[in-house]
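> Attaching a predicted model along with its sequence, questions to come.
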Amino acid sequence: MKYKVLSIKYKKRVILIPVFFVLYFLFSASQVNAATFYFDKDKVEAGVGDSFRVEFIMDSLENVNAVEGKINFPGNLLEVQNINDAGSVVSLWIERPAAVKDQIIFSGAIPGGYPALGGHLFSIDFKAKQVGTGLVSAGSVSALLNDGKGSSSTVIVKKLSVAIGPTAIGVSAPEIIDTILPEDFQPVIASNTNLFEGRHFLSFVTQDKGSGLDHYEILEQQSFFKPYSPDWLKTISPYLLKDQELGSWIGVRAIDNNGNIRTVWIMPHWVTVYRYVLTIIFGIIVLAVLALLVRGRK
């Protein structure tokens, strides 16, 4: 009887072992395929008045082409001083990371997708306000796959613990020295029946690898020469053009967080035609002069 009981227990263990390994590998596979969002630190210790920088990162072996979410932080303990998206794997921000009360909201696309580890999304500079402990955590985060269907990826989110003491210990976020302009870009005039009721709009996007982009500005003005005006308007892409006849100069400025400005221009339709005609006339004149010179020699 004793041997029979042992035999039954042994059989149960033999059955449970493969079940355990199947469950383990299924769980491991789901972990591998998940998009993991985390900070470059697990814990930060600082004193009141100190500042520190944390980087928000994504790992994904699946091809993720869109991300969005919110980062929650204890507003009684921390204050956001700066958010820098320089060098982000997200090249097209739908909603650039920004602090709203006790949250940082973000939404963006990654054309072509990102299937790799250590994908920098953006960095955050916090300043410690008062003594206490708390968590910085990402909530409502989603990642869409570049599979033609916009399928949702499994998401894993890790937290950052913060401990603020009463005395500053001299911690400070590194200063960003940036004297380089945002990258060159080319705005595009387009129209689409599904956007702005088919009227002409302007789309544009660029990046800044130093201090990160702060905002865009636009200028529309009718003039013979390129305008020089202070009346720039802060805007986002896409921008509905005021001059639907496309007879104005259009200037777009990309301004980074250190005040460096990249300005690009689109000439009015008529200027392009005018210059084309002048070029043809000039060419005809040159050919006529050359013909006269050749005839004179003869």
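That came in fine, so what should we check first? Numbering: from 1, shown residues only.
> mind showing which ranges of the stretch 101-250 of the chain have poor pLDDT?
Of all residues in the stretch 101-250 of the chain, none has pLDDT under 70.
> how about the strands in it?
103-128, 132-145, 155-157, 160-165, 188-190, 201-203, 213-221, 233-235, 239-240, 249-256 (DSSP state E, counting those that start in this stretch).
> what does the fourth one rub up against?
Read it as strand 160-165. For strand 160-165, the surrounding residues in contact (Cβ atoms under 8 Å, 6 or more residues apart in numbering) are 39, 41-48, 54, 74, 77-78, 126, 128-137. Bear in mind the C-beta positions are built from the backbone N, C-alpha and C, glycine included.
> Of those, grab the buried ones for ChimeraX.
Filtering those down to the buried ones (16 or more other Cβ atoms under 10 Å) takes a single ChimeraX command:
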select :39,44,46,47,48,54,74,77,78,126,128,134,136,137
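> Only alpha carbons, please: show stretch 118-127 as PDB.
The C-alpha trace of stretch 118-127 is given here as PDB (Å, rounded to 0.1, in the frame of the first residue of the first chain):
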ATOM      1  CA  GLY A 118      16.900  50.600 -25.900                       C
ATOM      2  CA  GLY A 119      14.600  52.900 -28.000                       C
ATOM      3  CA  HIS A 120      14.900  56.300 -26.500                       C
ATOM      4  CA  LEU A 121      11.500  58.100 -26.400                       C
ATOM      5  CA  PHE A 122      12.300  61.200 -24.300                       C
ATOM      6  CA  SER A 123      14.000  62.400 -21.100                       C
ATOM      7  CA  ILE A 124      12.400  64.300 -18.200                       C
ATOM      8  CA  ASP A 125      14.200  66.700 -15.900                       C
ATOM      9  CA  PHE A 126      12.500  66.700 -12.400                       C
ATOM     10  CA  LYS A 127      13.100  69.100  -9.500                       C
END
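> mind listing what the closest residue to F201 other than its chain neighbours touches?
Counting by Cβ to Cβ, 6 or more residues apart in numbering, P238 is the residue found nearest to F201 once chain neighbours are left out, at 4.6 Å. Residues near P238 by Cβ under 8 Å, 6+ apart: L195, F196, F201, L202, S203.
> can you tell me how far the first one sits from A109?
Looking back up the chat, that one is L195. According to Cβ to Cβ, to the nearest Å, L195 stands 16 Å off from A109.
> returning to that earlier point: most neighbours per residue, which of the strands of the stretch 101-250 of the chain?
Of all the strands of the stretch 101-250 of the chain, strand 249-256 has the most neighbours on average by mean count of other Cβ atoms under 10 Å, namely a mean of 21.
> so what does that strand touch, helix or strand wise?
Judged by 3 or more Cβ pairs under 8 Å, 6 or more residues apart in numbering; DSSP states H and E, strand 249-256 is in contact with strand 213-221, strand 261-266.
> That strand pairs with which strands, parallel or anti?
If you go by DSSP bridges, strand 249-256 pairs up with strand 213-221 (antiparallel), strand 261-266 (antiparallel).
> could you dump the shortest one to CSV, C-alpha only?
This file holds the C-alpha atoms of strand 261-266, laid out as CSV (Å, rounded to 0.1, in the frame of the first residue of the first chain):
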residue,chain,number,x,y,z
ILE,A,261,15.9,78.3,-35.4
ARG,A,262,15.7,76.6,-38.8
THR,A,263,13.6,78.5,-41.4
VAL,A,264,12.5,77.1,-44.7
TRP,A,265,10.5,78.9,-47.4
ILE,A,266,8.0,78.0,-50.1
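> Any buried residues in it, and which?
Buried residues in strand 261-266, counted by 16+ other Cβ under 10 Å: R262, I266.
> Let me see the mean pLDDT of that strand.
When pLDDT is averaged over strand 261-266, the result is 96.
> Offset the numbering so it begins at 113, please.
Noted, 113 is the first residue going forward, which turns the last one into strand 373-378.
> give the contact list for the closest residue in space to G310 that isn't next to it in sequence.
Closest residue to G310 in three dimensions, ignoring its sequence neighbours and counting by Cβ to Cβ, 6+ apart: S303, at 5.7 Å. S303 sits next to G310, R311, H312, F313 when contact means Cβ under 8 Å, 6+ apart.
> Give the closest residue to the second one in space, chain neighbours not counted.
For R311, the nearest residue in space outside its immediate sequence neighbours is Q356; the separation is 5.8 Å by Cβ to Cβ, 6+ apart.
> these two touch, right, the one you found and H312?
Yes - the pair Q356 and H312 qualifies as a contact (Cβ atoms under 8 Å) at a distance of 5.5 Å.
> More neighbours: those two, which one.
Shown here are Q356 and H312; by other Cβ atoms under 10 Å, H312 has more neighbours (16 against 12).
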